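Asker: pasting the sequence and the predicted coordinates here, then a few questions.
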Amino acid sequence: METILEIFDPSFLSRNSVYISLLVGFVVPLVGVYLVLRRVVFLGVALPQVSSCGIAFAFALQGWGWIPHAHDSAQERAIALAGSIVFTIGTILVLSVLERRGRGLIEGRTGLVYVMAGAWSILLLVKNPFGQHGMLELLRGEIIAVSTVDLLLTGGTFLPVVAGLVLFQKEFLLVSYDRDMAVSLKKHVMFWDSLLFAFIGLTISVSVMSVGPLVAFGFLLLPPLIAYQFARNTAQFLWLSSVIGGMAAVAGFAVAYAQDLPVGPTDLALLGILYVVTFLGRKGVELYRERRMRAATGA
Amino acid sequence: MNDSVLLKMERVSVGYGRHVVLSDIDLTLERGAFIGLIGANGSGKSTLLRTILGLLPALNGRMEFLSNGGKGPVLGFVPQRESLDPAFLVSGLEVVLMGTCGYVPPGRFFRRADKEWARHCLAQVGAFDLASRRFSELSGGQKQRILIARALATKPDFLLLDEPTTGIDAATTRSILEVLGRLHEQQGLAILMVNHDIGAMRASVREVIWIHEGRLLRGPAADLLKREKIEEILGPSLN
């Protein structure tokens, strides 16, 4: 508890890192819910990798002299973010169009994207030591040195995403759940799908810049998987996933700070433990109820 | 043009991509009709239904919805319940509220009146107590009632159902058909129901469209579904 009070103290040196962890913890699971519901979780692995590839490409452009070298870290991050957003949103929109046309294997395409993005990230950075250093920090999920500009950028991106997810929840749910019904109601399915995927792509791009691809994927997947066990409807599923993500981000930061561990992996380890505990607990309760029912009916 | 006509199809071909399933269809559907669409597996029943719904484009010919008010009619669609993914954590009420998305504009939350309307639709099909239950955990018959309530929530002019009684026991089938019959009687709702259960059709619909060897045979259910007529259409293979 003392550690938690300490990290929330306004004079805490890494307070920006705490805030960015919280933002990622609360917001990323909200888009993860749609990846889980639409059974495209693998996209959650591939897109952070694509985002990393976009960042690597932005670094490579500087290395090749195609764009001027960034002179300060804010400029460097802006270029990297642009690369991340262009690659992620571009990929997700192309994949969503192909999904709607129903041609080929979705998993196969996503796997191909993942492998290619991973391979190209390495190839683009292998002769770019400056970029390699920056990418290594991202891959480790270090959330320590966060500038106020980064924080504002992340918050400024997440705000319209959350507003859009809340305002258009019924449209996103309708086109995700029953496309035929949406068409029969004369809804522009392609538009709503594209908007949802743009929100997902934007969230992933910014979170990969903030916490790295592994941690971004963890927050996309684990809080919704935990919440899925308890939620009764979509609204519950959304807010429960977000609360679990946010709580895990706070707890993970406190543990990492107290034990001198990297923040991102600590967050994910905690979420993993929470998933196993809740899964076993739920199964135990189900088993207990079943036995009591059997005993009551004399079966 | 006759005011009672709801849909007019002239020399329409339906199918998927370049694959024509039915060609040169001439079909007129009237307001207040209760029509059953039957045919063997693969005969084109669902393809025709999906074309009417706008889910598939007509490959050629002319298809026109006619409306008294100038705007096209609202179509209430009841899909096959297996087509809906059980992974979604949606309650009965949430499913029915989806039906209101046709007139609740984007960015506006559901109001109390929308929820009351959804509950009223649930009550109409005898599923009021299923509002808070998770849709994926309901029985086949309960899901079907919820889906009919969702179609009613669209405030439809025309209700289209795709195999609503498939895989459902006889008693539940009877009660679902009773609900449809009541909606037709009380609200004058036009209904087109795809079904391959001749017994269910005979007990419910007024008129039948039978797709047989690429042709549409149409007539009163009492005539077209007589044993002798069925034997005449299907030939000696019936036995």
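Answerer: Cool, the structure landed. Numbering: from 1, shown residues only, chains lettered A, B, ... in the order given.
Asker: please enumerate the helices of chain B.
Answerer: When assigned using DSSP state H, the helices of chain B occupy the ranges B:45-53, B:92-98, B:112-124, B:140-153, B:170-187, B:198-204, B:221-224, B:227-234.
Asker: distance to chain A, mean neighbour count and mean pLDDT added to these, as CSV?
Answerer: Quick note: C-beta positions are derived from backbone N, CA and C, even for glycine. Formatted as CSV, the helices of chain B follow (distance: least, C-beta to the nearest C-beta, whole Å; neighbours: other C-beta atoms under 10 Å in any protein chain shown; pLDDT from 0 to 100):
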stretch, distance to chain A, mean neighbour count, mean pLDDT
helix B:45-53, 5, 22, 92
helix B:92-98, 5, 25, 95
helix B:112-124, 10, 17, 94
helix B:140-153, 8, 25, 92
helix B:170-187, 18, 16, 86
helix B:198-204, 22, 18, 82
helix B:221-224, 26, 16, 84
helix B:227-234, 31, 12, 78
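Asker: make TSV from those helices and add distance to A:Lys170 to it.
Answerer: Listed next are those as TSV, based on distance: least, C-beta to C-beta, whole Å:
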stretch	distance to A:Lys170
helix B:45-53	21
helix B:92-98	7
helix B:112-124	10
helix B:140-153	13
helix B:170-187	25
helix B:198-204	33
helix B:221-224	39
helix B:227-234	45
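Asker: nearest to A:Ile67, of these?
Answerer: helix B:92-98 (46.8 Å; C-beta to C-beta).
Asker: by contact count, what packs against that closest one?
Answerer: If you count contacts as 3 or more C-beta pairs under 8 Å, 6 or more residues apart in numbering or on different chains; DSSP states H and E, helix B:92-98 packs onto helix A:169-177, helix B:112-124, helix B:140-153.
Asker: which among these is found nearest to A:Glu6?
Answerer: Between A:Glu6 and the helices and strands packed on helix B:92-98, the tightest spacing by C-beta to C-beta is seen for helix A:169-177, at 36.7 Å.
Asker: list the contacts of that closest one.
Answerer: A:34, A:37-38, A:165, A:181-182, A:185, A:187, A:189, A:192-193, A:195-196, A:234-235, A:238, B:84-85, B:88, B:90, B:94, B:97-98, B:101, B:104, B:106, B:110 (C-beta atoms under 8 Å, 6 or more residues apart in numbering or on different chains).
Asker: off-centre distance for stretch B:181-196?
Answerer: 8 Å (C-alpha atoms, centre = their mean, to the nearest Å).
Asker: apologies, that question was intended for stretch B:112-125.
Answerer: With C-alpha atoms, centre = their mean as the basis, stretch B:112-125 stands 20 Å off its chain's centre.
Asker: next one: stretch A:68-88
Answerer: Centroid separation for stretch A:68-88 versus its chain: 20 Å, with C-alpha atoms, centre = their mean.
Asker: quick check: residues of the stretch 101-250 of chain A near chain B?
Answerer: A:167-168, A:170-171, A:173-174, A:176-178, A:180-187, A:228, A:231-234, A:236-237 (C-beta under 8 Å from any C-beta of the partner chain).
Asker: of those residues, just the buried ones, PyMOL syntax please.
Answerer: Selection of buried members from those for PyMOL, criterion 16 or more other C-beta atoms under 10 Å in any protein chain shown:
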select buried, chain A and resi 168+170+171+173+174+176+177+178+180+181+182+183+184+185+187+228+231+232+233+234+237
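Asker: will you turn the helices and strands packed on helix B:92-98 into TSV that also has distance to A:Thr203?
Answerer: Shown next, in TSV, are those (distance: least, C-beta to C-beta, whole Å):
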stretch	distance to A:Thr203
helix A:169-177	13
helix B:112-124	29
helix B:140-153	30
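Asker: re earlier: so which of the helices of chain B is nearest A:Arg292?
Answerer: That would be helix B:140-153 among the helices of chain B, by C-beta to C-beta, at 25.7 Å.
Asker: what packs against the closest one?
Answerer: Judged by 3+ C-beta pairs under 8 Å, 6+ apart, helix B:140-153 is in contact with strand B:75-78, helix B:92-98, helix B:112-124, strand B:158-162, helix B:170-187.
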